[in-house]
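Peer 1: got a predicted structure plus its sequence, pasted below:
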Protein chains: 2
Amino acid sequence: MDEHLVETKIRSEEILKSDFLHTFRDTVALPNGLEATREYVVHPGAAMIVPIFSNGDLLMERQYRYPLQQVMIEFPAGKLNAGESSLLCAQREFKEETGYTARYWARAGMLHPVISYSTEYIDIWLAKDLQEGARQLDEGEHLDLITVAFDQAMDWCRDGQITDCKTLVGMMWLQNHISGAWPLNWQSS
Amino acid sequence: MDEHLVETKIRSEEILKSDFLHTFRDTVALPNGLEATREYVVHPGAAMIVPIFSNGDLLMERQYRYPLQQVMIEFPAGKLNAGESSLLCAQREFKEETGYTARYWARAGMLHPVISYSTEYIDIWLAKDLQEGARQLDEGEHLDLITVAFDQAMDWCRDGQITDCKTLVGMMWLQNHISGAWPLNWQSS
């Protein structure tokens, strides 16, 4: 029923195979029969963790994001390793970046950060009953951990201190979960 | 105060200058003095429109997004032209993609879709008092317009029919604006 929208691949060319950005340029047939090119980054997918302390406070990170030349406030997240499940990725990245583990996990949903030029998706996990431990940051990874009250984090979303898209969506999930509108199935790990 | 986080450019190399993805690889000094590489796409920025009918329904688009190989439900958005203001971009893209104009506009905030590998930002505009007109789609642009009730769109955010990150954040703004938590300054155009 979507033939009037769908674009069909004619050929695909790898235009950048680098350390990080694996990029293709495809020639496609448009619905009207004309040709166009589509360039995009191939990404393995990622998982984000929304970590909730028992008093409702949130565990967040402050990390320098070089493309934006600024320190960003964000929830922990990281890329899936080959063959790794979304939950195992979330648990691994959470432990590596923050040192924490969580006893209860719930998958909230999924987001696509940049639908025009990347295949990336991010699975959204909420985590609670947090236990502190030792961080194991990747070499070259530098980040601060901060504890933020829910209301404070919502104010930061409104006022522009939080602009990272995945983190905004994590807060949207949390807000609607707390209100009871968006229930979740918690599983123990 | 963030010296322990900041990365400093040592040199920059253009690694892809193509039709669409202008990409650089920079060598940076990490806070600990070691070197690392950072690859990123340079993007001019964009504006998104959250169009609200007088009965509260929303104007949304269904568009095939080739990198994901699926039709996505999203708010209208587009890239800034050189020298163009965010509001003029929002008004131009809204008219081109939907045919509609809006009498009242309010800037809600800004988001960064992909802080790890792009400079892109998206300004978020809410628009109301909509007037229908003729679309002027770019050649090769194919999209459906749909009218969606607010509650329906929220359900789609919860249930995974809407996964586009900018659109989720647009809904977060709308939800908090409607509840009175996040007020806006409306200007007439």
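Peer 2: Arrived safely, thanks for sending. Numbers count the residues shown, from 1 in each chain, chains lettered A, B, ... in the order given.

Peer 1: and chain B, is stretch A:73-80 touching that?
Peer 2: Yes. Against chain B, stretch A:73-80 shows contacts by Cβ under 8 Å from any Cβ of the partner chain at residue A:74. Just so you know, the C-beta spots here come from the backbone N, C-alpha and C atoms, and that holds for glycine as well.

Peer 1: residues contacting residue A:127?
Peer 2: A:49, A:50, A:51, A:52, A:90, A:94, A:102, A:104, A:105 (Cβ atoms under 8 Å, 6 or more residues apart in numbering or on different chains).

Peer 1: just the buried ones from the residues you listed?
Peer 2: A:49, A:50, A:51, A:52, A:90, A:94, A:102, A:105 (16 or more other Cβ atoms under 10 Å in any protein chain shown).

Peer 1: closest one of those to chain B?
Peer 2: residue A:50 (13.9 Å; Cβ to the nearest Cβ).

Peer 1: correct me if wrong, but that closest one is in a helix.
Peer 2: No. Using DSSP: H, G, I helix; E, B strand; the rest coil, the secondary structure at residue A:50 is strand, not a helix.

Peer 1: dihedrals phi and psi, the closest residue to residue A:156 other than its chain neighbours?
Peer 2: Excluding its sequence neighbours, the residue lying closest to residue A:156 (Cβ to Cβ, 6 or more residues apart in numbering or on different chains) is residue A:162, at 4.4 Å. Dihedral angles of residue A:162 (phi, psi; degrees, to the nearest 10) stand at phi -110, psi 120.

Peer 1: where along chain A do the strands fall?
Peer 2: Assigned by DSSP state E, the strands in chain A fall at A:8-17, A:22-29, A:35-42, A:46-52, A:58-65, A:70-74, A:77-79, A:101-111, A:122-131, A:143-148, A:187-188.

Peer 1: can you tell me which of these is packed in deepest?
Peer 2: Mean neighbour count (mean count of other Cβ atoms under 10 Å in any protein chain shown) peaks for strand A:46-52 among those, with a mean of 25.

Peer 1: and that strand, how far out from the chain's middle?
Peer 2: 8 Å (Cα atoms, centre = their mean, to the nearest Å).

Peer 1: that one packs against which elements?
Peer 2: strand A:58-65, strand A:77-79, helix A:86-98, strand A:101-111, strand A:122-131, helix A:165-178 (3 or more Cβ pairs under 8 Å, 6 or more residues apart in numbering or on different chains; DSSP states H and E).

Peer 1: return the residues in contact with residue A:68.
Peer 2: Here residue A:68 is in contact with B:112, B:115, B:119 (Cβ under 8 Å, 6+ apart).

Peer 1: domains in chain A, by residue range?
Peer 2: Domain segmentation of chain A under automatic domain parsing yields A:8-42, A:46-180.

Peer 1: adding distance to residue B:80 and mean pLDDT, write those domains out as JSON lines.
Peer 2: Formatted as JSON lines, the domains of chain A follow (distance: least, Cβ to Cβ, whole Å; pLDDT from 0 to 100):
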{"stretch": "domain A:8-42", "distance to residue B:80": "19", "mean pLDDT": "93"}
{"stretch": "domain A:46-180", "distance to residue B:80": "14", "mean pLDDT": "96"}
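
Peer 1: now the buried ones among the contacts of residue A:127 as a markdown table including distance to residue A:77?
Peer 2: Shown next, in a markdown table, are these (distance: Cβ to Cβ, whole Å):
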| residue | distance to residue A:77 |
| --- | --- |
| A:49 | 7 |
| A:50 | 10 |
| A:51 | 11 |
| A:52 | 16 |
| A:90 | 8 |
| A:94 | 9 |
| A:102 | 15 |
| A:105 | 15 |
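
Peer 1: considering those, which is situated nearest to residue B:167?
Peer 2: residue A:50 (19.3 Å; Cβ to Cβ).

Peer 1: beta partners for that closest one?
Peer 2: Counting by DSSP bridges, residue A:50 forms beta bridges with residue A:126.

Peer 1: quick check, it in contact with residue A:170.
Peer 2: Yes. Taking Cβ atoms under 8 Å as the definition, residue A:50 is a contact partner of residue A:170 at 4.4 Å.

Peer 1: anything in contact with each of the two?
Peer 2: Common neighbours of residue A:50 and residue A:170 (Cβ under 8 Å, 6+ apart) are A:75, A:124.

Peer 1: how much space separates residue A:178 from residue A:146?
Peer 2: Distance of residue A:178 to residue A:146, given as Cβ to Cβ, to the nearest Å: 20 Å.

Peer 1: ugh, wrong one, residue A:33
Peer 2: 54 Å.

Peer 1: ok, residue A:167 next?
Peer 2: 12 Å.

Peer 1: ditto for residue A:157
Peer 2: Taken as Cβ to Cβ, the span from residue A:157 to residue A:146 is 15 Å.

Peer 1: same question, residue A:100
Peer 2: 13 Å.

Peer 1: so what sits against both of those two?
Peer 2: What both residue A:100 and residue A:146 touch, as defined by Cβ under 8 Å, 6+ apart, is the set residue A:59.

Peer 1: hey, what's the nearest residue to residue A:61 once chain neighbours are set aside bridged with?
Peer 2: Nearest non-adjacent residue to residue A:61, counting by Cβ to Cβ, 6+ apart: residue A:143, 4.8 Å away. Following DSSP bridges, residue A:143 is listed with bridge partners residue A:63.

Peer 1: again, but for residue A:26
Peer 2: Going by DSSP bridges, residue A:26 forms beta bridges with residue A:12, residue A:38.

Peer 1: that one against residue A:15, yeah?
Peer 2: No. Using Cβ under 8 Å, residue A:26 is not in contact with residue A:15; the gap is 10.0 Å.

Peer 1: send me stretch A:135-153 as CSV with only the CA atoms.
Peer 2: The C-alpha atoms that make up stretch A:135-153 are tabulated as CSV, following Å, rounded to 0.1, in the frame of the first residue of the first chain:
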residue,chain,number,x,y,z
ARG,A,135,34.1,1.9,36.6
GLN,A,136,35.9,0.4,33.7
LEU,A,137,36.1,3.3,31.2
ASP,A,138,37.4,2.6,27.7
GLU,A,139,40.9,4.1,27.2
GLY,A,140,40.4,7.7,26.1
GLU,A,141,36.9,7.9,27.6
HIS,A,142,36.5,10.7,30.2
LEU,A,143,33.2,11.5,31.8
ASP,A,144,31.7,12.8,35.0
LEU,A,145,28.8,11.1,36.8
ILE,A,146,26.1,13.3,38.3
THR,A,147,23.0,12.6,40.4
VAL,A,148,20.0,14.7,39.3
ALA,A,149,16.5,15.0,40.8
PHE,A,150,13.7,14.1,38.3
ASP,A,151,12.2,17.6,38.5
GLN,A,152,15.6,19.2,37.9
ALA,A,153,16.2,17.1,34.9
